[in-house]
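**Q** Quick one, structure for this:
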Amino acid sequence: MEFFSSRIARRTLFVLVGLCVALEAWAAPYAMNADVISYFDLADLIQKHQWHWVVNAYWHPGYPALLFLTRAVMGSTVWTELQAARVLNAIIAGLLFLAVKFALNAAVELRTSLWSKRGENSGFEAIPRETLGIFAAAVTFLLVARDLNPSATLPDALLATLLVCGTGFLLRVAAQNKLWSYAGFGLAFGAAFLVKSVSFPLFLVSLVLLPFLAGSVKKAAKGGILAVLVFAAVAGPYIGALSHQKGRFTTGDSGSLNYAWYVDHADRFEQQKNDPSRYGLAKGELKHTSTEILTNPPVYDYGTARPGTSLQWFDPSYWNDGLKPRFNLQAQLARCRASALIVIQYFALRPQYLLLFLFLALLGARWNLKDFGPKGVGPVLLLLLAQLGMYFLVLTEPRYIGSAMLLALVILLVFLRVPKRDSMHSVLAVSAALFLGMLLCGSFTESLQHLKRENSVEGRRMGAYKRSTFTAAEALSKADGIHPGDSVACLGEYACRGDLYWARLAQVRIRTEIFADLNPPLSVWEKADKDQVKTTLQGLGVKAIVADFGANVTP
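**A** Coordinates of the predicted model:
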């Protein structure tokens with residue numbers, strides 16, 4: 001049993017973790033949505049130095065900048081950029097493991113400081129740091145495999161890495177109260193803001209909690225000022241550019257827009273000034289809308305002045321400018337009920353967490369509530385609760401709340417006390433190794449199944465590919481009269497928003513939408529006056545209509 005607590009065993013497990021993450025990045029199925037296209041479009045604009053368009057009140061530039069750098073290093077084309085994105089995501093996943101290790105070590109230092117001050121001498125002791133590292137790696141791996149998979153070309157893993165790192169610096173503040181920890185806290189949250197705007201209110205909450213972490217307002221004052229200055233140096237220029245663009249002070253419009261969409265039930269995509277029913281419970285008057293050029297079927301044109309593959313979704317804050325969320329108690333309660341259900345499902349679908357703590361409880365492990373008070377780790381847990389609360393009120397998804405859940409679990413493990421027994425350390429080391437090993441075996445098996453499926457269905461042993469999307473894009477790009485930058489129209493939910501990667505691959509721009517709402521695209525097209533639609537679109541310079549009629553995407 002001593003082998004499981006040895007350095008060789010731990011390093012072997014960590015190497016296997018890296019291999020499984022790499023295999024996840026290679027084998028996980030193709031995943032695409034309109035958000036991914038917007039991030040790739042922003043990476044293109046960064047490459048072209050078109051900074052005016054990079055400033056975006058809904059999508060922030062941190063992750064697209066890394067996409068651009070990765071593509072440049074790997075020499076990727078648009079046809080191979082998904083592989084480059086998966087390499088980037090695997091690297092970010094590795095950085096997340098390091099960030100968790102940093103936060104774990106900071107929590108251990110805080111635990112040591114608290115316990116030594118109280119001078120406790122009971123029949124309990126802490127779980128050894130080495131064993132905690134294996135438990136933390138297992139919990140992190142489960143998060144990466146389930147919620148922040150490298151196959152998703154989205155910034156959530158990067159945001160989680162920076163927030164975990166920033167929280168680790170806050171734990172260092174509580175343990176040591178050194179100025180460099182304040183600077184690191186400001187740097188991490190400032191960088192996180194460049195990834196997603198939710199980091200700004202979390203930074204403000206952290207500043208309020210600083211006096212509790214430092215022990216007094218006086219101790220926190222100098223460090224807090226330093227943290228604000230560092231945060232301002234990193235995030236300030238982008239906040240200034242956003243505010244200048246909008247003509248008002250703003251750190252981003254994603255929070256208010258998401259509230260209007262998911263709580264007030266405003267339509268995210270098709271809002272017109274003359275159709276207030278699509279505002280839901282929200283209010284206001286839109287400053288910019290598409291032009292309805294036909295009514296049967298509804299055909300909307302977004303012009304050509306703005307960049308992006310999908311002109312409609314490249315900057316939602318532009319098309320929804322003027323939409324104001326409105327609080328409604330009934331709607332808010334309905335959203336909270338839906339969020340509560342998602343949180344319950346989160347743990348129900350991840351029974352490993354419950355089984356882990358149940359097993360430790362059977363070994364006699366317990367907590368001391370003094371550790372979770374205002375002079376302990378309580379303020380950090382309150383910050384994590386605030387992070388959960390922000391999403392709970394608007395939109396809760398596992399990839400949004402995963403980092404907060406992860407850190408909370410790690411902190412609970414760090415402050416767990418186990419009985420002092422001769423064999424306890426060996427039992428814990430074996431348990432941690434088996435826990436992580438079972439997760440790795442499950443991931444490895446699942447990745448092999450994905451590889452087999454991809455080879456049989458898509459004809460390639462990689463997940464960053466979908467035959468129907470790529471072949472449709474290739475056919476469109478080679479069609480007579482189609483050139484890069486040309487305008488096209490889309491028909492139906494799937495072609496317009498579900499998987500519009502075909503447009504990016506073909507290097508065309510979705511300027512016009514034939515709106516099908518929830519109706520089957522084929523039925524909408526069959527009922528339409530096809531000659532009138534084609535003539536109208538040709539007059540706008542639209543070169544093709546693309547739809548998914550079931551089996552194939554049809555240009």
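**Q** On the C-terminal side of the lengthiest helix in the chain, identify the next helix or strand.
**A** The longest helix of the chain (DSSP state H) is helix 81-118. Using DSSP states H and E, the helix or strand that directly follows helix 81-118 along the chain is strand 124-126.
**Q** contact partners of that next one?
**A** V108, R111, W115, R366, V414, F415, L416, R417, V418, P419, K420, M424 (C-beta atoms under 8 Å, 6 or more residues apart in numbering). C-betas here are computed from N, CA, C, even on glycine.
**Q** quick one, phi/psi of the most centrally placed residue in the chain?
**A** Closest to where the C-alpha atoms of the chain average out (C-alpha atoms, centre = their mean) is D156, at 2.0 Å. With angles defined as degrees, to the nearest 10, D156 sits at phi -60, psi -40.
**Q** residue contacts, the closest residue to it other than its chain neighbours?
**A** Nearest non-adjacent residue to D156, counting by C-beta to C-beta, 6 or more residues apart in numbering: R399, 4.4 Å away. Applying C-beta under 8 Å, 6+ apart to R399 gives the contacts D147, L148, A152, L154, D156.
**Q** Farthest pair within these?
**A** Within these, D147 and L154 form the most distant pair, 10.8 Å apart (C-beta to C-beta).
**Q** Have a look at these two and say which one is more surrounded.
**A** D147 (22 against 19; other C-beta atoms under 10 Å).
**Q** quick one on the thing from earlier: for the longest helix of the chain, buried residues please.
**A** 81-97, 99-111, 114-115 (16 or more other C-beta atoms under 10 Å).
**Q** And the average pLDDT for it is what?
**A** Mean pLDDT, helix 81-118: 94.
**Q** Summarise which helices and strands it is packed against.
**A** helix 7-27, helix 62-74, strand 124-126, helix 129-146, helix 156-176, helix 398-414 (3 or more C-beta pairs under 8 Å, 6 or more residues apart in numbering; DSSP states H and E).
**Q** hang on, the earlier thing: just to check, the residue nearest to the centre of the chain is in contact with L148?
**A** Yes. Here D156 reaches L148: they are 5.7 Å apart, a contact under C-beta atoms under 8 Å.
**Q** Quick check: neighbours shared by the two?
**A** R399, G402.
**Q** which SSE is A191 in?
**A** helix 179-193.
**Q** Tell me the pLDDT of N121.
**A** Taking N121 on its own, its pLDDT is 66.
**Q** Based on its surroundings, how many neighbours for K375?
**A** Using other C-beta under 10 Å: K375 sits among 14 other residues.
**Q** what helix or strand does it sit in?
**A** Counting by DSSP H and E, K375 is part of no helix or strand.
**Q** Give me whichever of the helices and strands packed on helix 81-118 is most buried.
**A** Among the helices and strands packed on helix 81-118, ranked by average contacts under mean count of other C-beta atoms under 10 Å, first place goes to helix 156-176 (a mean of 26).
**Q** what stretches of the protein score poorly on pLDDT?
**A** Counting by pLDDT under 70, the chain contains low-confidence ranges at 1-6, 120-121, 270-276, 550-555.
**Q** run the last query once more with 80
**A** 1-7, 9, 118-122, 269-278, 517-518, 549-555 (pLDDT under 80).
**Q** ok so, going back, quick check: which of the helices and strands packed on helix 81-118 is nearest to H265?
**A** Nearest of the helices and strands packed on helix 81-118 (C-beta to C-beta): helix 398-414, 19.3 Å.
**Q** quick one: stretch 169-186 to chain centroid distance?
**A** Centroid displacement of stretch 169-186 relative to its chain, using C-alpha atoms, centre = their mean, to the nearest Å, is 25 Å.
**Q** Check stretch 542-550 too.
**A** Counting by C-alpha atoms, centre = their mean, stretch 542-550 comes out at 30 Å from the chain centroid.
**Q** Same check on stretch 502-512?
**A** 25 Å.
**Q** can you check stretch 507-527 too?
**A** With C-alpha atoms, centre = their mean, you get 29 Å for stretch 507-527.
**Q** Nearest residue to S151 in space, please, no chain neighbours.
**A** A28 is the one closest to S151 (C-beta to C-beta, 6+ apart), at 3.5 Å.
**Q** again, but for S339
**A** Nearest to S339 is T396, by C-beta to C-beta, 6+ apart, at 4.0 Å.
**Q** Need the three-state assignment for that neighbour.
**A** coil (DSSP: H, G, I helix; E, B strand; the rest coil).
**Q** and V430, how many neighbours?
**A** 18.
**Q** Show me what R366 is bridged to.
**A** R417 (DSSP bridges).
**Q** Can you verify my assumption that it contacts R417?
**A** Yes. Between R366 and R417 there is a contact under C-beta under 8 Å: 5.7 Å.
**Q** What are the boundaries of the helices in the stretch 251-400 of the chain?
**A** In the stretch 251-400 of the chain, the segments counted as helices under DSSP state H, counting those that start in this stretch are 254-262, 316-319, 329-348, 351-362, 378-394, 398-414.
**Q** which one of these lies closest to G224?
**A** helix 378-394 (13.4 Å).
**Q** So what touches the closest one?
**A** Against helix 378-394 from outside (C-beta under 8 Å, 6+ apart): 163, 167, 170-171, 174, 198, 201-202, 205-206, 209, 212-213, 255, 258-259, 262-263, 332, 335-336, 339-340, 343, 372, 397, 400-401, 403-405, 407-408, 411.
**Q** What residues of that helix count as buried?
**A** 378-384, 386-388, 390-394.
**Q** Report the contact partners of the residue nearest to S339.
**A** Per C-beta under 8 Å, 6+ apart, neighbours of T396: A338, S339, I342, V343.
**Q** So what sits opposite V299 in the bridge?
**A** Here V299, judged by DSSP bridges, has bridge partners L294, I514.
**Q** so how many other residues sit close to it?
**A** Applying other C-beta under 10 Å, I find that V299 has 24 neighbouring residues.
**Q** Could you list which residues are in contact with it?
**A** So V299 contacts E292, I293, A489, T512, E513, I514, F515, V533, T536, L537 (C-beta under 8 Å, 6+ apart).
**Q** Just the buried residues of the residues you listed.
**A** Using 16+ other C-beta under 10 Å, the buried members of the contacts of V299 are E292, A489, T512, E513, I514, F515, V533, T536, L537.
**Q** quick one: the first one from G308, how far?
**A** If I follow you right, that is E292. 21 Å (C-beta to C-beta, to the nearest Å).
**Q** if we can go back for a sec, tabulate the helices of the stretch 251-400 of the chain (a markdown table), appending distance to A22.
**A** Listed next are the helices of the stretch 251-400 of the chain as a markdown table, based on distance: least, C-beta to C-beta, whole Å:
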| stretch | distance to A22 |
| --- | --- |
| helix 254-262 | 32 |
| helix 316-319 | 34 |
| helix 329-348 | 26 |
| helix 351-362 | 22 |
| helix 378-394 | 29 |
| helix 398-414 | 20 |
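**Q** Quick one: closest of the ones you listed to A137.
**A** helix 398-414 (10.2 Å).
**Q** orientation of the helix or strand just after the helix holding A191 relative to helix 398-414 in degrees?
**A** Using DSSP H and E, the helix or strand that follows helix 179-193 in sequence is helix 199-214. Relative orientation of helix 199-214 and helix 398-414, computed by axes from the mean of the first three to the mean of the last three C-alpha atoms, to 10 degrees: 10 degrees.
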